[in-house]
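Chemist: Have a look; sequence and predicted model below, questions after that.
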Protein chains: 2
Amino acid sequence: MRADAQRNYDRIVTAAADAIAHDGADASLEDIARRAGVGSATLHRHFPNRAALLEAVFHERIENVCGRARELTAGDDPYAALLAWLRELGAYVTTTRGLAASLLDGPHHSDACTVMLTSAGEELLLRAAAAGKVRADVSMTDLVTLVNAISLATEHSGPGETQRLLALALEGITPPGA
Amino acid sequence: MRADAQRNYDRIVTAAADAIAHDGADASLEDIARRAGVGSATLHRHFPNRAALLEAVFHERIENVCGRARELTAGDDPYAALLAWLRELGAYVTTTRGLAASLLDGPHHSDACTVMLTSAGEELLLRAAAAGKVRADVSMTDLVTLVNAISLATEHSGPGETQRLLALALEGITPPGA
DNA sequence: GCTGAAGTGGGGTGCCCCTCCGTATCGTAG
DNA sequence: CTACGATACGGAGGGGCACCCCACTTCAGC
């Protein structure tokens, strides 16, 4: 890739991150191009559609979360580690406007982001399941979908709501006693 | 309301229902007006924004679900009734493209639809909680939000996935034994 | 420096939401 | 049955959007 192309690519991603934080996932692409100081054609050449741009923007953030999964895997309480990671995932996704929407958008859930997340969390789930703390019919895809769904639904209700609903969904609605 | 206004109103709602079933919640308003055989101005006079139109389209459907809640309240197993109703709600919402999105869209969850649903299900929840089958800190708003979130997330994965994930969220991820 | 390839961005296209305003239609009062 | 005021209509147009085309500029190796 030529030096100027790389420079424009980076500028666009930075501008997109700003715009998305400000306007959400449906920020205007032309506005992003304007902020980045490039023509709209340049943006569309680097990123053929909105999803590609969002993926680039969130890639770094998602990698952080995946790194946390690897860190947590080292601990000795697999179930607690899994819960902690899902909580962190929910917090990340909710505070990053538009991430949940972009992760669930479109008919194909095979986005690079979703794949990264599920494979990063797989080990955590396997350990928790091996310890008998998680039902065997639960997949990492299920859990990531659940976290994303709740994050999306509570985007306008604050992070506390996200955590509360997530905990509810993970524990179930029946009382601890029965 | 004048007779022709009523006629156009009905035509628009019918056309909108068709268009939404075909294209999802972000169907073109101009296209809807065209299908209904009215000018776009007429559509915008009857429905000042997209949310208002969606509300009108889904109102009847939501009323059916609310009616089912009242029917189920009559049964003698409150917990089973609650679960059944949430399942039905999920099925309705998923099969009606765009309903979940419209229910969760916008910063205000005080849409008429959401209010109708929560108040309709309140009685079911109260009975199930009184029977000790549901945690006391769970509100009907939580449950409706959860169902909508899962429906939205699984819109592209088929109704089976919705039911599976919903069951998972209601039961929790821990195995029945421990 | 020269040159071909790679990259750029202004302008154009078509669609969108929404509004204005002259016109047609409705319901009623006479 | 007619005339009239209120109501509703829709074509036209403004502003914005995503996306594409192509004449032009910039880069990097010779």
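Modeler: Nice, I can see it.

Chemist: Which element, helix or strand, includes A:Val38?
Modeler: For A:Val38, there is no helix or strand it lies in under DSSP states H and E.

Chemist: Now do the phi/psi pair for the closest residue to DNA strand C within chain A.
Modeler: Nearest to DNA strand C in chain A, going by Cβ to the nearest atom of the strand, is A:Gly39, at a distance of 2.2 Å. Placement of C-beta: from N, CA and C, glycine included. Main-chain torsions, A:Gly39, degrees, to the nearest 10: phi -80, psi 160.

Chemist: how far away is A:Ser102 from A:Gly67?
Modeler: 20 Å (Cβ to Cβ, to the nearest Å).

Chemist: which of these two has more neighbours?
Modeler: More crowded of A:Ser102 and A:Gly67, by other Cβ atoms under 10 Å in any protein chain shown: A:Ser102, with 25 against 11.

Chemist: and chain A, which residues reach chain B?
Modeler: A:104, A:106-109, A:132-136, A:138, A:142-143, A:145-146, A:148-150, A:152-154, A:156-157, A:164-165, A:168-178 (Cβ under 8 Å from any Cβ of the partner chain).

Chemist: quick check: domain ranges of chain A?
Modeler: A:1-48, A:50-173 (automatic domain parsing).

Chemist: What average pLDDT does the last one get?
Modeler: Confidence for domain A:50-173, expressed as mean pLDDT, is 92.

Chemist: Run the contact check for it versus DNA strand D.
Modeler: Yes: among the residues of domain A:50-173, A:Arg50 lie within reach of DNA strand D under Cβ under 7 Å from any atom of the strand.

Chemist: Grab the nearest non-local neighbour of A:Leu53.
Modeler: Closest residue in space to A:Leu53, ignoring its immediate chain neighbours: A:Phe47 at 4.0 Å, by Cβ to Cβ, 6 or more residues apart in numbering or on different chains.

Chemist: If you tally nearby residues, what's the number for the one you found?
Modeler: Look at A:Phe47: counted by other Cβ under 10 Å, it has 21 neighbours.

Chemist: Distance check, it against A:Ile32.
Modeler: 10 Å.

Chemist: which residues do those two both contact?
Modeler: A:Ile12, A:Leu53 (Cβ atoms under 8 Å, 6 or more residues apart in numbering or on different chains).

Chemist: Give me the buried positions along the lengthiest helix in chain A.
Modeler: Longest helix of chain A, by residue count under DSSP state H: helix A:50-73. Residues of helix A:50-73 classed as buried under the neighbour-count rule (16 or more other Cβ atoms under 10 Å in any protein chain shown) are A:50-51, A:53-58, A:61-62, A:65-66, A:68-69, A:72-73.

Chemist: again with stretch A:89-109
Modeler: A:89-94, A:96-105, A:109.

Chemist: which strands and helices sit next to the helix or strand encompassing A:Glu88?
Modeler: In this structure, A:Glu88 sits in helix A:78-95 according to DSSP H and E. Counting contacts by 3 or more Cβ pairs under 8 Å, 6 or more residues apart in numbering or on different chains; DSSP states H and E, helix A:78-95 packs against helix A:50-73, helix A:99-104, helix A:112-130, helix A:140-153, helix A:159-171.

Chemist: ok so, going back, what about the residue lying closest to the residue of chain A closest to DNA strand C once chain neighbours are set aside, distance to DNA strand D?
Modeler: Closest residue to A:Gly39 in three dimensions, ignoring its sequence neighbours and counting by Cβ to Cβ, 6+ apart: A:Ala33, at 6.4 Å. In this view, A:Ala33 and DNA strand D are 8 Å apart by Cβ to the nearest atom of the strand, to the nearest Å.

Chemist: from what I can see A:Ala33 touches A:Arg45, true?
Modeler: No: applying Cβ atoms under 8 Å as the test, A:Ala33 and A:Arg45 come out as separate, 10.9 Å apart.

Chemist: Those two - which one has more neighbours?
Modeler: A:Ala33 (22 against 13).

Chemist: Okay, and that one sits in which element?
Modeler: helix A:29-36.

Chemist: and that helix with DNA strand C, contact?
Modeler: No: judged by Cβ under 7 Å from any atom of the strand, helix A:29-36 makes no contact with DNA strand C; its nearest approach is 7.8 Å.

Chemist: so, in contact with DNA strand D or not, the following helix or strand past that helix?
Modeler: Toward the C-terminus, helix A:29-36 is succeeded by helix A:40-46 as the next helix or strand (DSSP H and E). Yes: counting by Cβ under 7 Å from any atom of the strand, DNA strand D has neighbours in helix A:40-46: A:Ser40, A:Ala41, A:His44.
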